[in-house]
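[1] Quick one: sequence plus predicted model below, questions after.
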Amino acid sequence: MLARLSIRDIVLIDQLDLDFSRGLTILTGETGAGKSILLDALSLALGARGDGGLVRAGAAQGQVTAVFEPPPGHPALALLAAQDLAFEGELILRRVQMADGRTRAYVNDQSVGAQTLRALAVGLVEIHGQHDERALLDPATHRALVDAYGGLKPLAEAARAAHAAMKACEGELAAARADVAAREREADFARHASEELSKLAVEPGEEARLAEKRQAMMQGEKVAADIREALSALSGDSAILPMLVSIARRLQRRAAQAPDLIEPSVKALDEAMEAVELAAQSVEAAMRASAFDPRELERCEERLFELRGMARKYGAAVDALPALAEKYAGELADLSQGRARVAALEQAFAAAGKDYHAAARALGAARREAALALAGAVNAELPPLKLAGARFTAEVVSDEKLVSADGYDRVEFVVQTNPGSRPGPMMKVASGGELARFLLALKVSLAERETAPTLVFDEIDTGVGGAVADAIGQRLARLAARAQVLAVTHAPQVAARSQRHFRIAKHDSGAGVATQVFALGPTERREEIARMLAGAEITREARAAAKSLIEKARSLIE
């Protein structure tokens, strides 16, 4: 609950410290006394947008401190732990507003961002103002209100997660299909190129080897005649070698007659014959090497023409053609894999869609139950508000074509002001007074389900009086039995039901006008309620009526 509120230099408040307690606390005062300033200051401490205009004239800065005592297990405690913020029994939210518009925020004297204050405030305080009607009348908010009333957050989160998973699958599937479509447009060319290049079967360095071989074969014909002539000179009929053999034999026959003279010559001739024989062998090898088949030259030239023609076709070097073939084969493999991935993603998308629709249907069924329960709660509040013949309905329309993160339900609040009349939106069907009462019944019903520890009502009784105001007081008192309730009111019937009463007034000290807040004792409280009944001049009858209202309220509580 809200334990203390301290305000410094905010609008007309120079210094104010208020202690709050459980139950129903009422704030009253003349119009313009500054009641709204208190709520603006509290909102600032809760993370509302800052405004340099909130700073008291002449001051450099204003400051608001709100001290809370959250119950054990409250979500705010988990948020504090997550933010590594200290907690020792009290949660102190402090906001400093500079006159130039800048603000600073603190939680338990540790500097934080305003968003942290807002995150904490969501679970600590609910403020229901006289201008809440805009949200309550907007059909865009009705679904969220039904979800909140029914405690459907887990189901709503499940539907949202299922929707996100389905959309993620849908996005992946669309991207995969686009990729496959793009690859398929190039598939025929890639398939033809892969087959053509694979069939070509280029070997590493093949072009260079063929070119060298072709050149050698073309040059071989020119040198072949010279090699044949050389071979004939070395080993033919008139060759040198037979002549040397004949000379050596003739000298050997004379060796016995003059050995010292003949033997050196014979030896020299033997060496010459060996050299000539070796030369003949080399020339014979050259002859064999120079021999070629003209058909082989033709085949070599055709292969070179084919390789180089394919290289020109694909704009690549001959040696790069095998890698190019692998590239196109890879593209075809990727296409095959892409098709398989599309098939898998289609199955995943179908499964995700099935999960989403199951979650959305479960959420829709729960919404219809919650809508009936909310309608029952609101309709139970209508008779005391002098709307016994009226009827409130939370219509839930499901359309499975309306796929969204929030399911496929549309929710709208409609009312029927009299039996037999046509139901319609509250704003169009109800009169001003009826609208205020319908909204009050709705606010009370919503506030009784999963409320924050502290509820603030800002002049929700505007425009009503008498029995209706008394009914409002009853409902605020009923809420105060389970939560701390602060209410700004002009209705004496509401004020009479408070456990604690503050009066807000302007005071001119000579140095300027300032707003002051007074905690009222029993006598002062009776006088304030009498003023609310009678106006400027408090009569004996007004005091008696105030006493009667207070005693009646006390008897109902007891």
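    Ah, there it is.
[2] Can you give me the buried ones in stretch 58-73?
    Buried residues in stretch 58-73, counted by 16 or more other C-beta atoms under 10 Å: Q61, G62, Q63, V64, T65, A66, V67, F68, P70. In short, each C-beta sits where N, CA and C put it, glycine included.
[3] what's the span of that stretch, first residue to last?
    With C-alpha to C-alpha, to the nearest Å as the measure, the first residue of stretch 58-73 is 43 Å from its last.
[4] in a helix, that's where K547 is, yeah?
    Yes - assessed with DSSP: H, G, I helix; E, B strand; the rest coil, K547 lies in a helix.
[5] count of residues packed around it?
    Counted with other C-beta atoms under 10 Å, residues neighbouring K547 total 14.
[6] related to what we said a few turns ago, tabulate the buried residues of stretch 58-73 in a markdown table, adding columns for secondary structure, distance to P425 and pLDDT.
    Output for the buried residues of stretch 58-73, formatted as a markdown table (DSSP: H, G, I helix; E, B strand; the rest coil; distance: C-beta to C-beta, whole Å; pLDDT from 0 to 100):
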| residue | secondary structure | distance to P425 | pLDDT |
| --- | --- | --- | --- |
| Q61 | strand | 45 | 94 |
| G62 | strand | 41 | 94 |
| Q63 | strand | 43 | 95 |
| V64 | strand | 38 | 95 |
| T65 | strand | 42 | 95 |
| A66 | strand | 37 | 94 |
| V67 | strand | 42 | 94 |
| F68 | strand | 37 | 93 |
| P70 | coil | 38 | 88 |
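[7] Spatially central residue for this protein, please.
    The residue lying closest to the centre of the chain (C-alpha atoms, centre = their mean) is A164, at 9.2 Å.
[8] For that one, report the pLDDT, please.
    You'll see A164 listed with a pLDDT of 94.
[9] Pretty sure it sits against A405.
    Yes - between A164 and A405 there is a contact under C-beta atoms under 8 Å: 7.0 Å.
[10] picking that back up, as JSON lines, the buried residues of stretch 58-73 with distance to L42 would be great.
    Converted to JSON lines, the buried residues of stretch 58-73 look like this (distance: C-beta to C-beta, whole Å):
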{"residue": "Q61", "distance to L42": "18"}
{"residue": "G62", "distance to L42": "13"}
{"residue": "Q63", "distance to L42": "13"}
{"residue": "V64", "distance to L42": "7"}
{"residue": "T65", "distance to L42": "10"}
{"residue": "A66", "distance to L42": "6"}
{"residue": "V67", "distance to L42": "12"}
{"residue": "F68", "distance to L42": "11"}
{"residue": "P70", "distance to L42": "16"}
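[11] out of the residues you listed, what pair is the most spread apart?
    Spanning the widest gap among the buried residues of stretch 58-73 are Q61 and P70, at 27.8 Å by C-beta to C-beta.
[12] continuing past the longest helix along the chain, what's the next helix or strand?
    In the chain, taking DSSP state H as the definition, the longest helix is helix 321-381. Downstream of helix 321-381, the first helix or strand assigned by DSSP states H and E is strand 391-398.
[13] any idea how far A542 is from the nearest residue to K547 once chain neighbours are set aside?
    Leaving aside its sequence neighbours, K547 sits nearest to R526 (C-beta to C-beta, 6 or more residues apart in numbering; 5.8 Å). Distance, R526 to A542, by C-beta to C-beta, to the nearest Å: 10 Å.
[14] Also D19?
    Separation of D19 from A542 (C-beta to C-beta): 29 Å.
[15] who has more neighbours, the two?
    When D19 and A542 are compared for neighbours, A542 comes out ahead with 20 against 12, by other C-beta under 10 Å.
[16] unless I'm mixing things up, that one is touching E528, no?
    No - in this structure A542 lies outside contact range of E528 using C-beta under 8 Å: 10.9 Å.
[17] how many neighbours does T462 have?
    Counted with other C-beta under 10 Å, the neighbours of T462 add up to 13.
[18] so what pLDDT did D237 get?
    In this prediction, D237 carries a pLDDT score of 64.
[19] Next, count neighbours for E296.
    The number of residues packed near E296 is 12, by other C-beta under 10 Å.
[20] Could you point out which residue ranges in the stretch 151-300 of the chain have low pLDDT?
    When residues are selected by pLDDT under 70, those of the stretch 151-300 of the chain lie in 185, 187-189, 191, 220-222, 225, 236-238, 289-293.
[21] 90 - rerun?
    Applying pLDDT under 90 to the stretch 151-300 of the chain flags the ranges 174-300.
[22] go on, the stretch 1-150 of the chain?
    Residue ranges of the stretch 1-150 of the chain with pLDDT under 90: 1, 11-15, 29-40, 48-50, 57-58, 70-90, 109, 113-141, 144-145, 148.
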